[in-house]
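Build the 3D model from these lines:
(one chain, ligands or ions: 2)
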Amino acid sequence: MPAASLVSSAAQAFDVRPFTDKVGAEIVGLDLSRPLDDADFARVHQAHLDHHVVVFREQRITPQQQIDFSRRFGVLQIHVLKQFLLANHPEILIVSNIVEDGQPIGLGDAGKFWHSDLSYKELPSLGSMLYAQELPSEGGDTLFADMHLAWDTLPAHLRKAIEGRSAVHSYTARYRDGHNAVNWRPTLTPEQLAQVVEVVHPVVRTHPETGRKALFVNENFTTHIVGLPEDESRQILNEINAHSVGNDHVYRHRWQDGDMVFWDNRSLMHLAAGCPPELRRRLHRTTIQGDAPF
Ligand code: OGA
Ligand code: MN
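Numbers count the residues shown, from 1 in each chain. Ligands and ions are numbered 1, 2, ... in the order given. So this is what the prediction gives:
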């Protein structure tokens with residue numbers, strides 16, 4: 001093996017620093033432009049399972065390096081909105097509020113409502129990596145809510161109401177009801193619609209790697225709980241959401257240049273807090289496919 005590749009996969013000295021009061025950890029001193037050796041990868045993997053969202057600081061990586069690192073966790077998912085995929089790198093979804101020549105350059109409303117990425121798919125996402133490209137001078141935070149904690153602390157009447165139940169998730173749920181004021185999400189072609197038919201998932205899922213339970217319904221994509229009258233289902237979903245996103249359950253990520261944030265969609269919901277529209281914000285997302293929830 002050439003010396004260079006031996007050097008590049010050598011162990012790196014890095015720290016995992018858990019946030020003290022909230023879910024999440026910071027990973028400092030790891031250079032993701034170098035391939036991780038198995039031991040370093042195992043530490044990162046474990047930190048992700050333990051803390052659910054990890055923040056890699058001070059990264060300088062190419063789209064291909066982000067893709068290669070993401071792939072070590074699983075198969076990558078390509079977003080249905082093909083117009084927002086990075087040229088020559090369809091594994092990267094551009095998340096941005098920037099409009100050029102009247103055309104949005106990326107998905108501008110990613111995360112206006114609490115959600116877990118791709119919960120509307122049969123195989124929702126294991127986790128997503130979001131890498132800062134251009135950050136606004138103000139706002140633009142991303143919030144993460146711990147859905148294990150939400151389940152562990154769920155009031156008894158809500159536990160009883162959802163016991164053994166499933167819920168419907170739909171990509172187009174928020175299109176129909178007039179929330180799509182700015183047309184960030186263009187009308188889907190029949191081919192695109194065929195990729196996003198409604199799915200049913202358990203309301204409480206078991207994390208396939210840790211065995212911990214987590215609530216798995218969200219404001220953005222969950223339309224109703226199967227087998228309950230519409231108004232009762234709506235009321236329960238609203239109560240679950242309010243409970244899940246209480247301040248004690250939420251980590252607010254304030255982006256810094258070089259941040260790449262990797263969260264677990266099986267354990268968390270997230271939300272884009274938004275920024276003043278005249279400020280430019282652009283990030284690159286890779287999305288790793290997970291298992292069918294059980
Ligand atoms: C996403 C997302 C939130 C944000 O990219 O999946 O929800 O703050 N982004 O941009
Ligand atoms: Mn998202």
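
secondary structure element for the nearest residue to residue 209 once chain neighbours are set aside?
Of all residues not flanking residue 209 in the chain, residue 49 sits nearest, at 5.8 Å (Cβ to Cβ, 6 or more residues apart in numbering). Yep, even glycine has a C-beta here, placed from its N, CA and C like the rest. Per DSSP states H and E, residue 49 falls inside helix 38-51.

Near ligand 1, which residues of the stretch 51-200 of the chain are found?
95, 110-111, 117, 128, 130, 142 (Cβ under 6 Å from any ligand atom).

Also within reach of ligand 2: list those from the residues you listed.
Subset of those in contact with ligand 2: 111, 117, counting by Cβ under 5 Å from the ion.

Filter the residues of the stretch 51-200 of the chain next to ligand 1 down to just the ones in strands.
Under the assignment DSSP state E, these contribute 95, 128, 130, 142 to strands.

so what's the closest residue to residue 198 other than its chain neighbours up against?
Nearest residue to residue 198 in three dimensions, chain neighbours excluded: residue 170, at 4.5 Å (Cβ to Cβ, 6+ apart). Neighbour list for residue 170: 120, 196, 198-199, 221, 223 [criterion: Cβ atoms under 8 Å, 6 or more residues apart in numbering].

try 7 Å
120, 198, 221, 223 (Cβ atoms under 7 Å, 6 or more residues apart in numbering).

mind listing which of those are in strands?
Residues of the contacts of residue 170 located in strands (DSSP E): residue 223.

Just the buried ones from the contacts of residue 170?
Among the contacts of residue 170, those that count as buried by neighbour count (16 or more other Cβ atoms under 10 Å) are 120, 221, 223.

roughly how far apart are the last one and residue 102?
Look at residue 223 and residue 102: by Cβ to Cβ, to the nearest Å, they are 32 Å apart.

again with the second one
In this structure, residue 221 and residue 102 are separated by 28 Å, where distance is defined by Cβ to Cβ.

one step back: for the residues of the stretch 51-200 of the chain next to ligand 1, which two are the farthest from each other?
With Cβ to Cβ as the measure, no two of these lie farther apart than 117 and 142, at 12.0 Å.

more crowded one of the two?
Comparing residue 117 with residue 142 by other Cβ atoms under 10 Å, the one with more neighbours is residue 117, at 29 against 22.

contacting residues around that one?
If a contact means Cβ under 7 Å, 6+ apart, then residue 117 has 125, 128, 265, 287 as its contacts.

can we see that at 10 Å?
Each residue near residue 117 by Cβ atoms under 10 Å, 6 or more residues apart in numbering is listed here: 77, 79, 93, 110-111, 124-128, 130, 218, 220-221, 263, 265, 268-270, 285, 287-288, 290.

Over to residue 206?
When contacts are taken as Cβ under 10 Å, 6+ apart, residue 206 is in contact with 212-214, 216, 266, 293-294.

From those, pick the one nearest ligand 2.
residue 266 (13.5 Å; Cβ to the ion).
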